[in-house]
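Asks: fold the stuff below for me.
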Amino acid sequence: MGFNKGEWSELYTFLYLLTNPNIEIVDEHLKLINQDTFYLQEIYVTGKTTYRIANDKNITKIFSDGIEKVYPLKDIISSRDILLEKIQLHKKAKGSFEIQEIEPLINSLLDGKKLKGSSRVKGDLEAKVFDNKQKHEIVLKYNIKSNLGSRPTLLNASSHTNFIYEVTNITDDVMHKNNTILTRTKLIDRCRFLHEEGASIQFIGTQSRTFGDNLKLIDSNLDTILAQMLLLSYEENEKDIKKLLTKVVDNKMFKESELFYQKKIGDFANAVTFGMRASEVWSGENEVNGGIIIVTKKGEVYLLDLVYYKSMVDKYLIDNIKLESPSFSRYKMFEIYKDNGKYYFKLNLQVRFKK
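Replies: You can find the predicted model right below:
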């Protein structure tokens, strides 16, 4: 039963929550707010199996046909602790590996399956919790962001996330010279070369109408704001979202304040984290309504809560995400081409968590 580090991390989170049902809510700085708002009652896996926290001694697994199986809590705690130790000892970020010590319990508890049924599902974990503020039960979906594995991607690179720019005030000679720049820092160097040649660069639109429409659903100018930030990330050699927001305001690309852009980019980060996919028409409704479960390098598990503290979740996202340069050969960024006598190039948007 080989899982990669991210999958083992999700499994660790599952075991941790089964053994620590009082969910600890934190702010954007991961400082504890309280652990009294939500009490975890049940966790659902792939929509078919229920894991009920019946008491402080046992966990009950309930199959779709109603059959129940009881597991001593002490066995789950033991497996949880072994799992954390093995994840921390495994240095490679990629590739599957086995943990034989816990295999019998996990094979029984999860039937040898991954915690998350599909990579196309935004939520990593679904649970029924008791809300002590409202005094009622509620089913919530959560994302898991683990620092035990590799950095999670919020928005994956694809042809849908291409932004198209028109280049004016250049010649074919400039185009050919630009396209032959193949240095180690070729994207930054091509950007610098175009500016040195006096080129003017203007955002035209997203390659994907679906993605463009999804962005406009958040804000009518969001595609332009992201396009400017994306270009600026190469002009300034800066990928940090928060720093780029400051540079956008400093460069006076727009009239609005930094708080305005923080709100827009916060809404964008919230959408790609909890609901929107670049390749699919989005209704504006998010799949994940519970928040982000954070796993620290030490194995502590906290919740950034969307129910009562959405603004803190957005602040955390802005503080902890960055742009990423995807494959140059696949997306041919800053590769100038001609169409009907005009010059264009593309930049690809990919967003990832920072460490």
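Asks: and Phe3, how far is that from Pro104?
Replies: Using CB to CB, to the nearest Å, Phe3 is found at 15 Å from Pro104. From N, CA and C alone the C-beta is placed, and that goes for glycine too.
Asks: swap in Leu347?
Replies: 50 Å.
Asks: of these two, give the one with the bigger neighbour count.
Replies: Neighbour count, other CB atoms under 10 Å: between Leu347 and Pro104, Leu347 has more, with 24 against 11.
Asks: wouldn't that one be in contact with Asn162 here?
Replies: Yes. Using CB atoms under 8 Å, Leu347 makes contact with Asn162 at a distance of 7.4 Å.
Asks: which SSE is immediately downstream of the helix or strand hosting Leu40?
Replies: Using DSSP states H and E, Leu40 falls within strand 38-45. Later in the chain than strand 38-45, the nearest helix or strand by DSSP H and E is strand 49-53.
Asks: now do the same end-to-end measure for stretch 331-350.
Replies: Stretch 331-350 has an end-to-end distance of 12 Å (CA to CA, to the nearest Å).
Asks: buried ones in it?
Replies: Within stretch 331-350, the residues that count as buried by 16 or more other CB atoms under 10 Å are 331, 333-336, 343-350.
Asks: hmm, which two among those residues are most spread apart?
Replies: Pairwise distances across the buried residues of stretch 331-350 (CB to CB) peak at 24.2 Å, for the pair Tyr343 and Gln350.
Asks: now the strands for the stretch 1-150 of the chain?
Replies: Listed in chain order, the strands of the stretch 1-150 of the chain (DSSP state E, counting those that start in this stretch) span 25-26, 32-34, 38-45, 49-53, 58-62, 68-72, 125-131, 136-146.
Asks: and the average pLDDT for stretch 192-200 is what?
Replies: For stretch 192-200, the mean pLDDT works out to 97.
Asks: then stretch 228-242?
Replies: pLDDT averaged over stretch 228-242 gives 94.
Asks: how far off centre is that stretch?
Replies: How far stretch 228-242 lies from its chain's middle: 19 Å, per CA atoms, centre = their mean, to the nearest Å.
Asks: so which bits of it are buried?
Replies: Buried, per 16+ other CB under 10 Å, within stretch 228-242: 228-235, 238-242.
Asks: relative to Lys177, which of the residues you listed is nearest.
Replies: So of those, ranked by how close each gets to Lys177 (CB to CB), first place is Tyr234, at 17.4 Å.
Asks: how close does the closest one sit to Gly2?
Replies: Spatial separation of Tyr234 from Gly2 under the definition CB to CB is 39 Å.
Asks: Leu245 - that's part of a helix, no?
Replies: Yes. If the criterion is DSSP: H, G, I helix; E, B strand; the rest coil, then Leu245 is within a helix.
Asks: does it touch Leu259 like I think?
Replies: No. If you go by CB under 8 Å, Leu245 and Leu259 don't touch, sitting 9.7 Å apart.
Asks: just want to know which of these two has more residues nearby.
Replies: Neighbours were counted for Leu245 and for Leu259 using other CB under 10 Å; Leu245 has more, 21 against 10.
Asks: excluding sequence neighbours, find me the nearest residue to the more buried one.
Replies: Counting by CB to CB, 6 or more residues apart in numbering, Leu245 lies nearest to Tyr261, which is 5.1 Å off, once chain neighbours are set aside.
Asks: and the residue of the chain positioned farthest from its centre, what element?
Replies: Checked against the mean C-alpha position of the chain, the extreme residue using CA atoms, centre = their mean is Asp173, at a distance of 40.8 Å. Secondary structure assignment for Asp173, by DSSP H and E: helix 172-179.
Asks: SS state for the most centrally placed residue in the chain?
Replies: Note on the chain: the residue nearest the mean C-alpha position is Leu154, at 2.7 Å, using CA atoms, centre = their mean. Following three-state DSSP, the label given to Leu154 is strand.
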